[in-house]
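Asker: The amino acid sequence is not available; the structure is as follows:
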Ligand SMILES: C[S@@+](CC[C@H](N)C(=O)[O-])C[C@H]1O[C@@H](n2cnc3c(N)ncnc32)[C@H](O)[C@@H]1O
């Protein structure tokens with residue numbers, strides 16, 4: 001059966017490309033188990049855990065596993081975050097398609113994920129800065145941050161390993177990562193973020209009831225993004 005039948009979007013393909021050959025994978029929030037199934041088809045991984053907090057998505061995962069003949073290869077687990085996985089069962093953990101705050105909460109509930117023995121592939125739909133801030137404060141080192149375009153949207157996929165120094169950063173420090181600046185799409189992505197932050201600042205400045213903390217945060221973001229874009233322009 002062809003991979004296209006799996007509806008592999010550019011976002012999913014970008015995540016899959018970061019998975020090392022021969023790894024034991026856990027896909028947390030797996031939904032249709034597309035990532036584990038596609039990676040097993042490519043013989044890229046040796047085992048897969050597909051885990052989800054809800055029964056509906058896990059039933060979809062079971063259907064995909066059956067459809068592609070991976071009933072024995074994919075271990076289906078029902079439960080929250082990494083509660084369903086033992087640290088020694090996996091080397092690589094994918095957590096994708098959720099908000100950055102949910103991803104950070106999952107990592108907080110099971111700190112072993114940042115012990116340095118596991119590679120994390122994190123793809124946050126929102127609150128990326130919050131997730132980077134959490135990672136910095138808990139020794140999570142962002143090794144690469146890859147951008148991809150899907151229709152009108154852009155997504156980032158972080159590869160992260162724990163065991164680093166714990167660093168307190170502001171949210172504005174975390175609107176970008178050094179790793180992200182290496183991506184060829186970085187200028188486009190930063191420009192979008194900067195436009196959005198400038199609009200938020202303008203509307204906060206025009207509001208009748210001032211929110212000084214919020215305004216200070218978004219002004220900080222505008223400064224950080226402008227500096228990063230300037231730095232990119234010089235390279
Ligand atoms: C939008 S889908 C993303 C599916 C797939 N990972 C992707 O990137 O396309 C989010 C999935 O995460 C699951 N989910 C949300 N919170 C979760 C948690 N705390 N632990 C495990 N799964 C969770 C949802 O039930 C849903 O199936």
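Answerer: On my side now, so go ahead. Bear in mind the structure is a predicted one, so any value in this text is a computation, not a measurement. Numbering: from 1, shown residues only.

Asker: Now do the strands in the protein.
Answerer: Taking DSSP state E, the strands of the chain run over residues 23-28, 45-52, 74-78, 92-98, 119-124, 141-150, 153-161.

Asker: Now do the last one and strand 92-98, the angle between them.
Answerer: Put plainly, it is strand 153-161. For strand 153-161 against strand 92-98, the angle by axes from the mean of the first three to the mean of the last three CA atoms, to 10 degrees is 150 degrees.

Asker: Tell me which residue lies nearest the centroid of this protein.
Answerer: Nearest to the geometric centre of the chain sits residue 123, at 1.7 Å (CA atoms, centre = their mean).

Asker: Can you tell me how far that residue is from the ligand?
Answerer: In this view, residue 123 and the ligand are 6 Å apart by CB to the nearest ligand atom, to the nearest Å. For every residue, glycine as well, the C-beta is placed using N, CA and C.

Asker: Now do the same for that residue: its pLDDT.
Answerer: The per-residue pLDDT reported for residue 123 equals 98.

Asker: Next up, the contacts around the residue nearest to it when sequence neighbours are not counted.
Answerer: Closest residue to residue 123 apart from its sequence neighbours, by CB to CB, 6 or more residues apart in numbering: residue 96 at 3.8 Å. Counting by CB atoms under 8 Å, 6 or more residues apart in numbering, residue 96 makes contact with 11-12, 15, 27, 29, 35, 121-123, 157.

Asker: What is the nearest of those to residue 134?
Answerer: residue 122 (10.2 Å; CB to CB).

Asker: can you list the domains in this structure?
Answerer: Structural domains annotated on the chain: 3-180, 186-234, as defined by automatic domain parsing.

Asker: just the ones you listed: most buried one?
Answerer: domain 3-180 (a mean of 18; mean count of other CB atoms under 10 Å).

Asker: Identify the residues contacting the residue nearest to the centre of the chain.
Answerer: Counted by CB under 8 Å, 6+ apart, residue 123 has contacts 11, 14-15, 94-97, 155-158.

Asker: so what does the helix or strand of the chain with the lowest mean pLDDT touch, helix or strand wise?
Answerer: Taking mean pLDDT, DSSP states H and E as the measure, the chain has helix 212-234 as its least confident helix or strand, at a mean of 93. The helices and strands touching helix 212-234, judged by 3 or more CB pairs under 8 Å, 6 or more residues apart in numbering; DSSP states H and E, are helix 186-206.

Asker: The closest residue to residue 200 other than its chain neighbours and residue 156, how far apart?
Answerer: Excluding the flanking residues, the one nearest residue 200 by CB to CB, 6+ apart is residue 218, at 4.8 Å. Taking CB to CB, to the nearest Å as the measure, residue 218 falls 20 Å from residue 156.

Asker: And the residue nearest to residue 123, how far from residue 106?
Answerer: Applying CB to CB to residue 96 and residue 106 gives a distance of 12 Å.

Asker: now the contacts of residue 123 as TSV including distance to the ligand and pLDDT?
Answerer: Converted to TSV, the contacts of residue 123 look like this (distance: CB to the nearest ligand atom, whole Å; pLDDT from 0 to 100):
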residue	distance to the ligand	pLDDT
11	7	97
14	11	98
15	7	98
94	7	99
95	8	99
96	4	98
97	3	98
155	9	98
156	13	98
157	10	98
158	13	98
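
Asker: Let me know the closest of those to residue 210.
Answerer: Closest to residue 210 out of those is residue 156 (31.8 Å), distances taken as CB to CB.

Asker: ok, the closest one touching residue 127?
Answerer: No. Residue 156 lies out of contact with residue 127 (CB atoms under 8 Å); the separation is 11.8 Å.

Asker: what's in contact with stretch 147-156?
Answerer: The contact list for stretch 147-156 (CB under 8 Å, 6+ apart) reads 9-11, 13-14, 123-125, 128, 145-146, 157, 180, 183, 185-186, 188-189, 192.
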